[in-house]
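Visitor: Sequence and predicted model, in that order:
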Amino acid sequence: MKFNIKVIECFAKVVFVLFICSPIFTPLFGQWESDVRLTNNDSLSYTSENNAWCVATTGDTVHVVWYDARDGLRQIYYKRSTNGGTNWGSDVHLVNSSAWGIFPSVAVFNSNIHVVWNEQRDGNEEIYYKRSTDNGTSWGADTRLTSDSAYSSFPSAAVSDSFVHIVWVDYRDGNHEIYYKRSTDNGTTWGADVHFSNDPNMSWYPSVAVSGSNVHVVWQDYRDNNYEIYYKRSTDNGTSWGLETRLTYSDPWWSWMPSVAVSGSYVHVVWWDSLAGNWEIYYKRSTDNGTSWGADTRLTNTPLSSEYPSVAASGTNVHVTWMDSVGANNYEVYYKRSTDSGTSWEADVQLTNEPSLSIYPSVAVSGSKVHVVWSDERDGNYEIYYKRNPTGNTGIEENTIRSIECYCGATIICGHLQLPEGKNCKIFDITGQVVMPARMKPGIYFVEIDNKIVQKVVKIR
């Protein structure tokens, strides 16, 4: 059952104040569950080997995209779970054309699912888009987003409310440049292409993240005669953009394939770097919405190669996955977590242990759960695998609340409710009657909102 949302202004700050019922639950930190095979066909199934996310979550619905050639051509497929990854529906052949399609990226906001990929149906590689407005039950038509004689590839997508943001690599200018495009109406119509980077050398592998009206883009760039990570932001939903910021100084070594995530004013970037003489995973953050940046943090320390990181952030929790050749097997999927917004990091966790290759992992979080997907060769050909930690997003406390009225001092910013000490709350039923007085514990709460109605509130710290 959903209820109308109440809004209270406290000290000129707008506060969402309606919550939905769910049992009080404070789990202990859990362990990773067994691997789940999501595909079963005799062709090769791949998650994107660029830095786009192939998994996205909202509430208990988990969305996965990949490409495989089971029908003779590499094309885009989709699969979902509606119960937090416990069970999975059937594969959906999402794109069925006479040409190949690769490198999908998925983004979700409430019940709206947005997928981009690159495809050659027009004789050269172009960026295409498809959406679902009913949580993946049905899908609209394909939309061609680019139209030029050169190729466009490696798309990455992010969404906040009705704003959908796409970045990709484009060769229309005679060298590889980063381009940007947005929709302000949930993917119904699209604005013009924006030439995002502008230098005579190659710009590759962009990644985009959004929180509210703040859009953050990172990519690797060769303008300094070696690959370095660059960053650019918009604070007005992509209407205008600030200056490019160089984030790494690895000369003469390379910094490669960045991935970006954002939670509130904290922006988190990971990439792989040969600064140490072999490929390692590095991390960098901004605590002020991308205005300034801290030092590089080396997350791995192995004698071989750590590559292809993916990052997700939720409150003060930061989750990173990557593929690593440190063990006796070939590449395996590894995971690392910070519970204090990247200040400190826990030990590496090996998620796979097979004699075959486990590659191109992608990570997402929702509520208390952490979800990882990757491509795995253990079955004799590459298949899509999934793994979750049901309580890996720590400090979770889900509340049995229909509605809450907070008397001044509580604010919601970018989906996070900050409740200070000593602020009173009352719990209401659907009729508006007080069920019982209550006092929520001070702290930061994650608020999940569906069509301006609060679905769930989760205590982060």
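Guide: Structure received.

Visitor: quick one: the host helix or strand of Val210 to chain centroid distance?
Guide: Taking DSSP states H and E as the definition, one finds Val210 inside strand 203-211. Between the centre of strand 203-211 and the centre of its chain there are 11 Å (CA atoms, centre = their mean, to the nearest Å).

Visitor: Adjacent strands (with direction) for that strand?
Guide: Note on strand 203-211: by DSSP bridges, its sheet partners are strand 214-221 (antiparallel).

Visitor: Give the other helices and strands that the next helix or strand along the chain from the partner strand contacts.
Guide: The element immediately downstream of strand 214-221 (helix or strand, assigned by DSSP H and E) is strand 228-234. Using 3 or more CB pairs under 8 Å, 6 or more residues apart in numbering; DSSP states H and E, the elements in contact with strand 228-234 are strand 214-221, strand 245-246, strand 255-263, strand 266-273. Using the backbone N, CA and C atoms, a C-beta is placed for each residue, glycine as well.

Visitor: Domains of the chain: list them as residue ranges, please.
Guide: Here the domain parsing of the chain from automatic domain parsing is 7-25+397-459, 36-389.

Visitor: Which helix or strand lies directly C-terminal to the host helix or strand of Val65?
Guide: Under the criterion of DSSP H and E, Val65 resides in strand 61-68. Sequence order places strand 75-81 as the next helix or strand after strand 61-68, per DSSP H and E.

Visitor: Who does that following strand pair with, and is each partner parallel or antiparallel?
Guide: Assessed with DSSP bridges, strand 75-81 is paired to strand 61-68 (antiparallel), strand 92-93 (antiparallel).

Visitor: now Ser325, nearest residue through space, not along the chain?
Guide: Leu304 (4.2 Å; CB to CB, 6 or more residues apart in numbering).

Visitor: any idea how far Ser274 is from that neighbour?
Guide: Per CB to CB, to the nearest Å, Leu304 is found 12 Å from Ser274.

Visitor: okay, these two: which has more neighbours?
Guide: Ser274 (17 against 13; other CB atoms under 10 Å).

Visitor: Make sure the more buried one is actually in contact with Thr248.
Guide: No - counting by CB atoms under 8 Å, Ser274 does not reach Thr248; the two are 11.2 Å apart.

Visitor: Low-confidence bits of the stretch 201-350 of the chain, can you list those?
Guide: 327-329 (pLDDT under 70).

Visitor: same check, this time on the stretch 351-461 of the chain
Guide: 395-461.

Visitor: Please work out which of the domains of the chain is packed deepest.
Guide: Scoring the domains of the chain by mean neighbour count under mean count of other CB atoms under 10 Å gives domain 36-389 as the most buried, with a mean of 20.

Visitor: Let's test this: mean pLDDT of the strand holding Val65, rounded?
Guide: The average pLDDT for strand 61-68 rounds to 97.

Visitor: Show me how far that strand is from its chain's centre.
Guide: For strand 61-68, the distance to the chain centre is 13 Å (CA atoms, centre = their mean).

Visitor: cool, and stretch 222-239?
Guide: On CA atoms, centre = their mean, the centre of stretch 222-239 falls 18 Å from that of its chain.

Visitor: just to revisit the earlier point, and Ile384, which of the strands paired with strand 75-81 is closest to it?
Guide: Across those, Ile384 has its closest neighbour in strand 61-68 (5.1 Å, CB to CB).

Visitor: circling back to that earlier point, which of the three states applies to the residue nearest to Ser325?
Guide: For Leu304, the secondary-structure state derived from DSSP: H, G, I helix; E, B strand; the rest coil is coil.

Visitor: wait, what's in contact with Asn226?
Guide: The neighbours of Asn226, taking CB atoms under 8 Å, 6 or more residues apart in numbering as the test, are 250-254.

Visitor: ok, and the closest non-adjacent residue to it?
Guide: Distances taken as CB to CB, 6+ apart place Asp251 nearest to Asn226, at 5.2 Å, with adjacent residues excluded.

Visitor: where's Val36 relative to Arg337, distance?
Guide: Look at Val36 and Arg337: by CB to CB, they are 21 Å apart.

Visitor: How about Asp122?
Guide: Asp122 is 42 Å from Arg337, where distance means CB to CB.

Visitor: and Ser362, which of the helices and strands packed on strand 228-234 is closest to it?
Guide: strand 255-263 (9.1 Å).

Visitor: where does the nearest residue to Ala157 once chain neighbours are set aside land in three-state SS?
Guide: The shortest distance from Ala157 to any residue other than its chain neighbours is 4.2 Å, reached at Ala107 (CB to CB, 6+ apart). Following three-state DSSP, Ala107 is assigned to strand.

Visitor: show me what contacts Arg121?
Guide: Contacts of Arg121 (CB under 8 Å, 6+ apart): 97-99, 101.

Visitor: where do the strands sit along the stretch 1-150 of the chain?
Guide: According to DSSP state E, counting those that start in this stretch, the stretch 1-150 of the chain carries its strands in the segments 7-10, 13-16, 36-37, 45-46, 55-58, 61-68, 75-81, 92-93, 101-109, 112-119, 126-132, 143-144.
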